[in-house]
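**Student:** Sequence first, then the predicted structure, then my questions.
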Number of protein chains: 2
Amino acid sequence: MQDPPPPAPYGSGRARDPVRTQAEIIEVAVREFADQGYSGARVDRIAERTRTTKRMIYYYFGGKEGLYTAVLEHVYSGIRQREQALDVAGLSPIDAIRRLAELTYDHHVAHPDFIRLVSIENTHRAEHLAKSEALSNLRMPVLDLIAGILEKGRADGTIRADADAVDVHMLVSSYCVFAVANRHTFATIFARDLLDPERRGHYRSMVGELLVRYLTP
Amino acid sequence: MQDPPPPAPYGSGRARDPVRTQAEIIEVAVREFADQGYSGARVDRIAERTRTTKRMIYYYFGGKEGLYTAVLEHVYSGIRQREQALDVAGLSPIDAIRRLAELTYDHHVAHPDFIRLVSIENTHRAEHLAKSEALSNLRMPVLDLIAGILEKGRADGTIRADADAVDVHMLVSSYCVFAVANRHTFATIFARDLLDPERRGHYRSMVGELLVRYLTP
DNA sequence: GCACTTATGTACTAACTAGTACGTTAGTAA
DNA sequence: TTACTAACGTACTAGTTAGTACATAAGTGC
């Protein structure tokens, strides 16, 4: 009698809800893969942490690799959507670049799982990304935004003529990704936490200034 | 009779050479861990690719984790030694910074395994680095070099007063690490290989210019 | 040439892990 | 209400993988 029957957790019987089941699997899998890497992630552990079973992972995603690819597609579609919401209209080209750099910094700091998954995918030489049709042809909207700013700036002489949109994106990304992706080894060796809330403002304005100085003629 | 005895591969009997045995294990393990990540690496595969057996890995390194830590210590000691050989004497502070940035770029491009292992260690939140006494207290010599350059430049007015050595190192690292670490996802999505030999010169001078512009008062 | 330590090889195991065979229930359309 | 399909759960398996028990040979000191 010290063994009361466990209450049926979510109503009686099974709650059939394929959309929620898949969403929940993805959500848990994002964390597991971001935390443990592809090889370190465990399908059983993911299943445990959902309200469904391992069987459903195989039912919906085919297997570990399919689930991982779905996770990549999920997080990339997230950043793509947020990039489309970026707004720098009404700013001068220089201010627009500064704003873009700072917003990118904010975004990356706010989404470490995305950065971790990108690092992990690079460890595997982006082979899953390349295989995914949904992803390998993905053009990121931020590129068009940058190209527009640069063009305007070149026209009014506030931005150097040889500025290239992909390079600008690379500069912003490298700075923002590093702070998140290499946070732990950097902190261990140089005793400085790049994401220390007290230094956020400093590092945030730094990337803006870095880009502005680089792009000024 | 169609089964000729396999020739003893390396002289007759066992060649006892503990130094070479350990060195060979480390060398093979660097590649395996850099290629596959910590969880993806296989102790059996490492053993296969050496002239010794798995038993020796456990004899010398205690286990997979000990071997991985030894690999980290090995590659960090390598970069530390090469940093000590950096020579920017006789250059103006500005030229010294430019040179330092470009040499760091060259170094990182030449040692992708190191960058990959750092990424992998960050995936695991630098827990092995932190545990290793040999590594967690490691001060990188490049920091003193940068500090010296900045001090000289502040004195003669060629470098802004608020420049910080750790931040400068972070700027250089972020750029150089990104090109190697995120090469694959970047190439897949933006169709540009950051390590394309034809673009090396461009990206090499870019990091120098980036730093010089940022540090100019 | 003998005792002892270090280095090495072979063969094995316990535990884990991705994946599956098989059965069952909930909703749906007729 | 019945036949059917999509969604789900349980119990299992085959293969892998880190780690070990045990035996043995190569040097070393005397």
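**Tutor:** Yep, it's here.

**Student:** Identify the residues contacting A:R139.
**Tutor:** B:I189 (Cβ atoms under 8 Å, 6 or more residues apart in numbering or on different chains). C-beta here means a position set from N, CA and C on the backbone, and glycine is covered the same way.

**Student:** make it 10 Å
**Tutor:** The contact partners of A:R139, taken as Cβ atoms under 10 Å, 6 or more residues apart in numbering or on different chains, are A:80, B:189-191.

**Student:** so of those, which ones are in strands?
**Tutor:** Using DSSP state E, no member of the contacts of A:R139 falls in strands.

**Student:** Buried ones among those residues?
**Tutor:** Using 16 or more other Cβ atoms under 10 Å in any protein chain shown as the burial test, those include B:189-190 as buried.

**Student:** got the contacts of A:R139 as TSV, with distance to A:H74 and pLDDT columns?
**Tutor:** TSV is the format used below for those (distance: Cβ to Cβ, whole Å; pLDDT from 0 to 100):
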residue	distance to A:H74	pLDDT
A:R80	11	93
B:I189	16	94
B:F190	20	94
B:A191	23	93
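
**Student:** mind putting the contacts of A:R139 in a markdown table, distance to DNA strand C included?
**Tutor:** Putting the contacts of A:R139 into a markdown table (distance: Cβ to the nearest atom of the strand, whole Å) gives the following:
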| residue | distance to DNA strand C |
| --- | --- |
| A:R80 | 27 |
| B:I189 | 26 |
| B:F190 | 30 |
| B:A191 | 30 |
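
**Student:** where does chain A dip in pLDDT?
**Tutor:** A:1-15 (pLDDT under 70).

**Student:** need the residues of chain A near DNA strand D, please.
**Tutor:** A:14-18, A:21, A:51-56, A:59 (Cβ under 7 Å from any atom of the strand).

**Student:** Could you rerun that using 6 Å?
**Tutor:** When proximity is defined as Cβ under 6 Å from any atom of the strand, chain A approaches DNA strand D at A:14, A:16-18, A:21, A:52-56, A:59.

**Student:** Show me the helices in chain A, by range?
**Tutor:** For chain A, the helices defined by DSSP state H cover A:18-40, A:43-48, A:54-61, A:64-84, A:93-110, A:112-123, A:127-131, A:133-136, A:141-156, A:165-181, A:183-190, A:200-215.

**Student:** Give me the contact list for the shortest one.
**Tutor:** In this case it means helix A:133-136. Taking Cβ under 10 Å, 6+ apart as the rule, helix A:133-136 contacts A:69-70, A:72-73, A:76-77, A:80, A:121, A:126, A:128-130, B:185, B:188-189, B:191.

**Student:** 8 Å instead?
**Tutor:** So helix A:133-136 is contacted by A:72-73, A:76, A:129-130, B:188-189 (Cβ under 8 Å, 6+ apart).

**Student:** Name the residue closest to the centre of chain A, please.
**Tutor:** In chain A, the C-alpha nearest the mean C-alpha coordinate belongs to A:F114, at 2.7 Å (Cα atoms, centre = their mean).

**Student:** Report the spatially nearest residue to that residue, omitting neighbours in sequence.
**Tutor:** Distance criterion Cβ to Cβ, 6 or more residues apart in numbering or on different chains; nearest residue to A:F114, sequence neighbours excluded, is A:V75 at 4.8 Å.

**Student:** do the same with A:D193
**Tutor:** If the residues on either side of it in the chain are set aside, A:D193 comes closest to A:A187, at 4.8 Å by Cβ to Cβ, 6+ apart.

**Student:** Could you check how many residues crowd around the one you found?
**Tutor:** Applying other Cβ atoms under 10 Å in any protein chain shown, we find 18 other residues in the vicinity of A:A187.

**Student:** and chain A, which of its residues are near DNA strand C?
**Tutor:** Contact residues, chain A versus DNA strand C (Cβ under 6 Å from any atom of the strand): A:13-14, A:16, A:42-44, A:54-55, A:58, A:63-64.

**Student:** Surely A:M140 and A:R80 touch.
**Tutor:** Yes - the pair A:M140 and A:R80 passes the contact test of Cβ atoms under 8 Å, sitting 6.4 Å apart.

**Student:** coming back round to it: restricted to buried residues, select the residues of chain A next to DNA strand D in ChimeraX.
**Tutor:** Those of the residues of chain A next to DNA strand D that count as buried under 16+ other Cβ under 10 Å are selected in ChimeraX with:
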select /A:21,52,56
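
**Student:** Adding distance to B:V28 as columns, could you present the residues of chain A next to DNA strand D in TSV?
**Tutor:** Shown next, in TSV, are the residues of chain A next to DNA strand D (distance: Cβ to Cβ, whole Å):
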residue	distance to B:V28
A:R14	50
A:R16	51
A:D17	49
A:P18	47
A:T21	44
A:T52	42
A:T53	40
A:K54	35
A:R55	39
A:M56	40
A:Y59	40
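
**Student:** Dump the residues of chain A next to DNA strand D into a markdown table; add distance to chain B as well.
**Tutor:** Output for these, formatted as a markdown table (distance: Cβ to the nearest Cβ, whole Å):
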| residue | distance to chain B |
| --- | --- |
| A:R14 | 34 |
| A:R16 | 35 |
| A:D17 | 33 |
| A:P18 | 30 |
| A:T21 | 27 |
| A:T52 | 25 |
| A:T53 | 24 |
| A:K54 | 19 |
| A:R55 | 24 |
| A:M56 | 24 |
| A:Y59 | 26 |
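
**Student:** Now do the contacts for the residue nearest to the centre of chain A.
**Tutor:** Taking Cβ under 8 Å, 6+ apart, one finds A:75, A:78-79, A:108 in contact with A:F114.

**Student:** ranking those residues by neighbours, who comes first?
**Tutor:** Busiest of the contacts of A:F114 [other Cβ under 10 Å] is A:H108, holding 23 neighbours.

**Student:** From B:P217, how far off is the nearest residue to that one once chain neighbours are set aside?
**Tutor:** Excluding the flanking residues, the one nearest A:H108 by Cβ to Cβ, 6+ apart is A:C176, at 4.1 Å. Using Cβ to Cβ, to the nearest Å, A:C176 is found at 26 Å from B:P217.

**Student:** out of these two, which sits in the busier spot?
**Tutor:** When A:C176 and B:P217 are compared for neighbours, A:C176 comes out ahead with 25 against 11, by other Cβ under 10 Å.

**Student:** That one contacts A:L100, doesn't it?
**Tutor:** No - taking contacts as Cβ under 8 Å, A:C176 lies outside contact range of A:L100: 11.0 Å.
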